[in-house]
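> Quick one, what's the 3D model for this:
(one chain, ligands or ions: 1)
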Amino acid sequence: MTGAEPSAGPGPGSSTRGIVGVTLVTGFLGSGKTTLVNRLLRHWRETYQSVGGGVDDGKGQIVAIVNDLAEFNVDANTIERESWSTGCSNNSKKTLGSQGARVKTVRLQDGCVCCTVKDDFISGVEAVLEQQGQEGTAHLVVETSGVSDPAPVCQALRSPRLKGKLSLGCVVCMVDCSDESVLNRMEDSAAMRSQVREADIVLLNKCDLAPEGAVEDATARAEQLRSPRRTTALRCVRAGVSPSLILDGPGLEGKKGEGTPRGDRDRARAEAAALWSPAASSHDNDGVSSATLAVQGRLCLPRFHAFLLSLPRGVLRGKGLVRFCHPRGEGTGVPVHEFQLVGQRYECGAVELEEKEKESRVVLIGEGLNREELQDALRSCVCGEGGCGVEARPGRGEGEKGFRNAVGGDARFEVLGEPPWPGGLRFRLRCEYGSFGRLDGDLARAANRELACRLSGHWGLLCVTAEEEEGRGCWLDVDCGGMGGGGQGAWTNALQREAFVVLSNLIDPQAQAMYRGSD
Ligand SMILES: Nc1nc2c(ncn2[C@@H]2O[C@H](COP(=O)(O)OP(=O)(O)OP(=O)(O)O)[C@@H](O)[C@H]2O)c(=O)[nH]1
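Numbers count the residues shown, from 1 in each chain. Next comes the predicted model:
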């Protein structure tokens, strides 16, 4: 940050008068960028609130700029929803009195910020500053798309056009440690290497899912790219590091001499920028594109599951908002589900959203995508007039029965009944450790979500998670589709093994602190 005048607003990391602080969040597809941005926005609001900040003074606003490759910007939706649910407004004109700082999201989509929308990006930033009035915006958080090279974005933020208006603070790179194949992509992807090189802080995320040695491997790769001395790499789960570390990150002047000196950081950026050339990091080289799929009507969940299982290998990432049919009659007021796919793993969680549209939308990002074929495949998941027909699908029967028995006979689980879809089971981990006690609501929720991730990632089981009303954690609706009789033992073993891993990870107080985040 430049200049020595007092800060303009009371928000965390708030800017020197008239100069807006910027945090840049980068990282490969699905690494946890949006998760971090939401965390930062929440922290901002809470901190602002705790120092008695109002919003009618026109100060203290944090603005998130979200770049997504696809036509339909799921990340911006997620952030807006999250902002709303944490009491912030996604509309700059709407204020919430003294409830908290205003949060506004600006979408940049249908192109990548580092090339096709670069000009848009600078204009977008200028527009934000102009609309809000420079004094009104205290901080910007910019989330790049997963295949962006952050070097030109940093350059853009330092461009003469924006000089004197912005100050680039912390650049964070999220690294997904859960998937070896993602880590291996660092060898081939210039953009990914640049993301790590550009960062002030590398967050080694998804430690909960990391196989043995993967976090050390990721650290070594980051250090190789940047040298150990220059690498601040932190392990975390769901971006759970102290947000103030990022909003007031290393490199900011006047911070007790901590962190990387500004000169070093700028030199590092210059080196990275010199390494970057459009030819070296363009998306054509990475061959990554996106396909937005949309269908009218509700989807049959087991068919959607089959669609996921049959996706081509080139699909790296998927996300969307989907609406499922409920053949058992729970049809009214059913929430929309947010769907996330990273590598082989998928998560599907109920979200509170007004049902303005009747569409289900899925964005897939990857290599060699054939949009028409994918669109047809998604269309075939729509529940027809004759019903789902899932009762008759192959694979139902023995495997499913064995799975139900295994869950029912294991004291670690509480069976809650049947999900609204045939061929599934509703249950949750009890999260009790006998004489060690039981996990509180937050950790129990984390444990159940992690179990859902693990079951889908390693075993192709689609688990839909939903929150319980009284904050007592969440449950899993598992679709047992595809469980043939022969695989029964494997499913049972998988469930037992994954439950063991989740619970034994969470008994450790250090792991508990990591899950909760250190703020
Ligand atoms: N188990 C687990 N899941 C995580 C963690 N961090 C994020 N996720 C999940 O991973 C998925 C992707 O996270 P996002 O925050 O959307 O990732 P992103 O980098 O913004 O994704 P893109 O915008 O596609 O590049 C979501 O389902 C998150 O809930 C973590 O530490 N552990």
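
> Would you mind listing what in the stretch 1-150 of the chain touches the ligand?
27, 29-35, 75, 146 (C-beta under 6 Å from any ligand atom). In short, each C-beta sits where N, CA and C put it, glycine included.

> buried sites along the strand of greatest length in the chain?
Longest strand of the chain, by residue count under DSSP state E: strand 166-176. If you call a residue buried by 16 or more other C-beta atoms under 10 Å, then strand 166-176 has these buried ones: 166-176.

> Show me what that strand is packed against.
strand 20-27, helix 33-50, helix 150-157, helix 180-188, helix 190-198, strand 201-205, helix 243-247 (3 or more C-beta pairs under 8 Å, 6 or more residues apart in numbering; DSSP states H and E).

> list the contacts for Thr26?
Shown in contact with Thr26 (C-beta atoms under 8 Å, 6 or more residues apart in numbering): 33, 144, 148, 150, 153, 171-174, 195, 198-199.

> What of Arg185?
Contacts for Arg185 (C-beta under 8 Å, 6+ apart) come out as 28, 192.

> Could you shift the numbering so residue one becomes 215, and keep it that way?
Let's use 215 as the start, then, which means that last one is Arg399.

> Per-residue pLDDT of it, please?
pLDDT, Arg399: 81.

> Quickly find the element holding Gln724.
Gln724 belongs to helix 723-730 when assigned by DSSP states H and E.

> What average pLDDT does that helix get?
In the prediction, helix 723-730 has an average pLDDT of 71.

> go on, stretch 637-654?
pLDDT averaged over stretch 637-654 gives 79.

> quick one on the thing from earlier: so which of the helices and strands packed on strand 380-390 gets nearest Glu581?
helix 394-402 (10.9 Å; C-beta to C-beta).

> Any buried residues in the closest one, and which?
Buried, per 16+ other C-beta under 10 Å, within helix 394-402: 396-397, 399-400.

> Show me which residues of the chain sit near the ligand.
Applying C-beta under 6 Å from any ligand atom, we find that the chain lies next to the ligand at 241, 243-249, 289, 360, 388, 419-420, 422-423, 451-452, 531, 554, 556, 561, 664, 667.

> Which residues are in contact with Ala447?
Contacts for Ala447 (C-beta under 8 Å, 6+ apart) come out as 415-418, 432-433, 436-437.

> Please name the nearest non-neighbouring residue to it.
Closest residue to Ala447 apart from its sequence neighbours, by C-beta to C-beta, 6 or more residues apart in numbering: Val416 at 4.4 Å.

> beta partners for that neighbour?
Taking DSSP bridges as the rule, Val416 bridges to Cys387, Ala447.

> I figured it hits Thr446, correct?
Yes - when contacts are counted by C-beta atoms under 8 Å, Val416 is listed as touching Thr446 (6.7 Å).

> so Val577 sits in a strand?
Yes - assigned with DSSP: H, G, I helix; E, B strand; the rest coil, Val577 falls within a strand.

> How many residues are close by it?
Other residues within reach of Val577, judged by other C-beta atoms under 10 Å, total 24.

> Okay, it and Thr248: tell me how far apart.
13 Å (C-beta to C-beta, to the nearest Å).

> With Asp393 instead?
Separation of Asp393 from Thr248 (C-beta to C-beta): 17 Å.

> Could I get the contacting residues of whichever residue of the stretch 565-714 of the chain sits closest to the ligand?
With C-beta to the nearest ligand atom as the measure, Cys667 is the residue of the stretch 565-714 of the chain nearest to the ligand, at 4.5 Å. Residues near Cys667 by C-beta under 8 Å, 6+ apart: 423, 559, 561.

> Just the element for it, please.
Per DSSP H and E: helix 655-673 holds Cys667.

> go on, Phe714?
helix 702-720.

> That helix relative to helix 655-673, how many degrees between them?
With axes from the mean of the first three to the mean of the last three C-alpha atoms, to 10 degrees as the basis, helix 702-720 and helix 655-673 are set at 140 degrees to each other.

> Quick one: list the elements packing against helix 702-720.
helix 612-622, strand 638-643, helix 655-673, helix 723-730.

> ok and the second one relative to helix 702-720, angle-wise?
Going back to what we said before, that points to strand 638-643. Strand 638-643 runs at 30 degrees relative to helix 702-720, counting by the same axes, to 10 degrees.

> Strand 638-643 pairs with which strands, parallel or anti?
strand 627-631 (antiparallel), strand 688-693 (antiparallel).

> follow-up on the earlier one: and the helix holding Cys667, what's buried?
Counting neighbours by 16+ other C-beta under 10 Å, one finds that the buried residues in helix 655-673 are 657-671, 673.

> Show me what the very next helix or strand once past it pairs with in its sheet, parallel or antiparallel.
Counting by DSSP H and E, the next helix or strand C-terminal to helix 655-673 is strand 676-681. With DSSP bridges as the test, strand 676-681 is paired with strand 559-565 (parallel), strand 688-693 (antiparallel).

> Just put those in a markdown table and tack on mean pLDDT and mean neighbour count.
Rendered in a markdown table, the data for these read as follows (pLDDT from 0 to 100; neighbours: other C-beta atoms under 10 Å):
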| stretch | mean pLDDT | mean neighbour count |
| --- | --- | --- |
| strand 559-565 | 79 | 20 |
| strand 688-693 | 85 | 24 |
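
> Let's have the ones you listed in TSV, adding distance to Ser441.
What follows is the strands paired with strand 676-681, written out as TSV (distance: least, C-beta to C-beta, whole Å):
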stretch	distance to Ser441
strand 559-565	32
strand 688-693	42
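
> which pair in the buried residues of helix 655-673 spans the largest distance?
Pairwise distances across the buried residues of helix 655-673 (C-beta to C-beta) peak at 23.2 Å, for the pair Leu657 and Trp673.

> The stretch 415-564 of the chain: strands as residue ranges?
For the stretch 415-564 of the chain, strands defined by DSSP state E, counting those that start in this stretch occupy the ranges 415-419, 447-449, 502-510, 529-536, 550-556, 559-565.
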